[in-house]
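> here is a sequence with its predicted model. Questions after.
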Amino acid sequence: MGKIILTGDRPTGRLHIGHYVGSLRRRVELQNSGEFEKIFIMIADAQALTDNADNPEKVRQNIIEVALDYMSAGLDPEKSVLFIQSQVSELTELTFFYNNLVTVQRLQRNPTVKQEIKMRGFSESEDGSDNKAGTPVGFFCYPISQAADITAFKATTVPVGEDQEPMIEQTREIVRKFNSTYGPALVEPEILLPDNSACLRLPGTDGKAKMSKSLGNCIYLSDSAEEVNAKVKGMYTDPLHLQVSDPGHVEGNTVFTYLDAFCRDSHFAQFGDCFHGKKVSFDFSNLDEVKAQYRAGGLGDMMIKNFLAAVLNDTLEPIRQRRAELEKDIPYVYEVLRKGSETARAAAASTLADVKRAMRINYFDSGVLEELIAQQQEKYK
């Protein structure tokens with residue numbers, strides 16, 4: 001069997017540059033590498049409903065937003081299968097079978113689940129005595145559903161950010177448990193992390209540990225150049241860098257983290273004039289030189305922010321242009337998703353058949369029923 005990719009995103013809003021550097025940019029590279037037999041990219045609307053059940057329209061409306069971001073970023077429906085999770089009912093059935101292979105205690109120990117529960121303000125207590133609404137069962141069982149998504153397509157590779165490592169490990173545990181109990185029917189996936197350490201988890205523009213739509217600290221792929229400029233100007237830098245002459249800290253400085261993720265040496269030839277001011281000018285050829293000068297003092301935050309805004313807009317402009325074209329033909333985008341969902345469902349149905357065969361609950365398959373009837377007839381003869 002060839003190498004297969006499964007990955008995706010929840011449609012709770014437009015995708016931001018954290019998604020882009022964390023996985024989306026890499027997906028496009030892998031898609032175009034020719035190394036993979038199949039690539040499945042999922043819009044995880046069913047998972048999004050686990051904590052948005054009271055607002056399904058939010059999820060429904062954002063499916064098109066994610067699809068537009070996918071295709072404008074370079075995912076090609078001729079090379080990758082783009083599909084909607086809820087349209088592949090086999091995933092729900094697989095989740096049901098996997099539920100029996102995971103304990104409540106194991107889910108409670110999953111650090112990603114714990115972090116997400118805390119971030120959303122759900123109660124972790126059994127009786128909800130802390131006056132919170134409690135954790136929806138569907139959300140709590142998120143890792144099991146994700147295991148179904150991955151194994152349904154026999155994915156060998158899952159490109160995600162580092163915050164998803166505990167989820168992939170739980171999938172691997174489920175695969176091992178299933179195969180040891182019923183027989184080898186499932187494929188154990190490998191995680192593929194971003195190769196740029198700055199991309200493992202891009203912080204929000206406010207310096208918070210995670211860029212999140214709910215926190216309002218995102219730069220979106222579809223943001224205009226003006227919106228990007230405004231958001232970069234308001235970014236968190238070094239709180240101790242009060243005067244331009246003060247030595248600055250690069251570590252933990254959000255602007256430099258973004259530059260680590262996006263900047264290339266060629267950008268200095270394109271946008272080097274950002275470092276030319278009325279009182280002082282610098283000629284840099286790479287990011288290391290900028291960092292050295294900032295640490296030494298004399299380099300103002302605004303120069304660096306202007307340079308970062310230029311770098312980001314240079315990266316996002318082709319994406320904006322492709323999105324503008326796709327927005328003119330929404331029926332085409334939905335047709336891509338419809339066809340992709342059909343392809344995905346056929347693949348998942350094949351895996352589900354393998355699972356039922358391994359579990360010996362494929363009662364009405366050809367040959368199985370006849371054997372079962374013969375056994376029972378002999379038993380009750």
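Received the coordinates, thanks. Numbers count the residues shown, from 1 in each chain.
> may I ask which helix or strand encompasses residue 345?
helix 330-359 (DSSP states H and E).
> ok, and what's touching the following helix or strand past that helix?
Scanning forward in sequence from helix 330-359 by DSSP H and E, the next helix or strand is helix 368-379. The list of residues contacting helix 368-379 from outside it, by C-beta atoms under 8 Å, 6 or more residues apart in numbering, reads 362, 363. Backbone N, C-alpha and C define where each C-beta goes, glycine included.
> stretch 250-259 too?
Contacts for stretch 250-259 (C-beta under 8 Å, 6+ apart): 198, 202-207, 232, 235-238, 287, 290-291, 294-295, 301, 304-305, 307-308, 311-312.
> on that earlier part again, and the helix holding residue 345, what does it pack onto?
strand 38-43, helix 56-73, strand 81-84, helix 90-99, helix 142-152, helix 165-182 (3 or more C-beta pairs under 8 Å, 6 or more residues apart in numbering; DSSP states H and E).
> as TSV, the ones you listed with distance to residue 361 would be great.
Output for those, formatted as TSV (distance: least, C-beta to C-beta, whole Å):
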stretch	distance to residue 361
strand 38-43	25
helix 56-73	32
strand 81-84	26
helix 90-99	9
helix 142-152	16
helix 165-182	10
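> relative to residue 281, which of those is closest?
Residue 281 lies closest, by C-beta to C-beta, to one member of those: helix 56-73, at 35.5 Å.
> buried set for the closest one?
59, 62-73 (16 or more other C-beta atoms under 10 Å).
> equivalent analysis for stretch 164-172, please.
164, 166, 167, 168, 170, 171, 172.
> just the element for residue 79, please.
Counting by DSSP H and E, residue 79 is part of no helix or strand.
> show the contacting residues for it.
Residue 79 neighbours (C-beta under 8 Å, 6+ apart): 31, 32, 39.
> could you find the closest non-adjacent residue to residue 32?
Distances taken as C-beta to C-beta, 6 or more residues apart in numbering put residue 79 closest to residue 32, at 7.3 Å, once the chain neighbours are dropped.
> sorry, slip of the keys, the one I care about is residue 13.
residue 213 (4.2 Å).
> on the pLDDT front, check that neighbour for me.
Residue 213 is assigned a predicted lDDT (pLDDT) of 75.
> ok so, going back, just the buried members of the contacts of residue 79?
31, 39.
> export the contacts of residue 79 as JSON lines, with columns for pLDDT and distance to residue 360.
Output for those, formatted as JSON lines (pLDDT from 0 to 100; distance: C-beta to C-beta, whole Å):
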{"residue": "31", "pLDDT": "95", "distance to residue 360": "38"}
{"residue": "32", "pLDDT": "96", "distance to residue 360": "42"}
{"residue": "39", "pLDDT": "97", "distance to residue 360": "32"}
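> what is the nearest of the contacts of residue 79 to residue 227?
Nearest member of the contacts of residue 79 to residue 227, counting by C-beta to C-beta, is residue 31, at 27.9 Å.
> so how far is residue 21 from that closest one?
Here residue 31 is placed at a distance of 16 Å from residue 21 (C-beta to C-beta, to the nearest Å).
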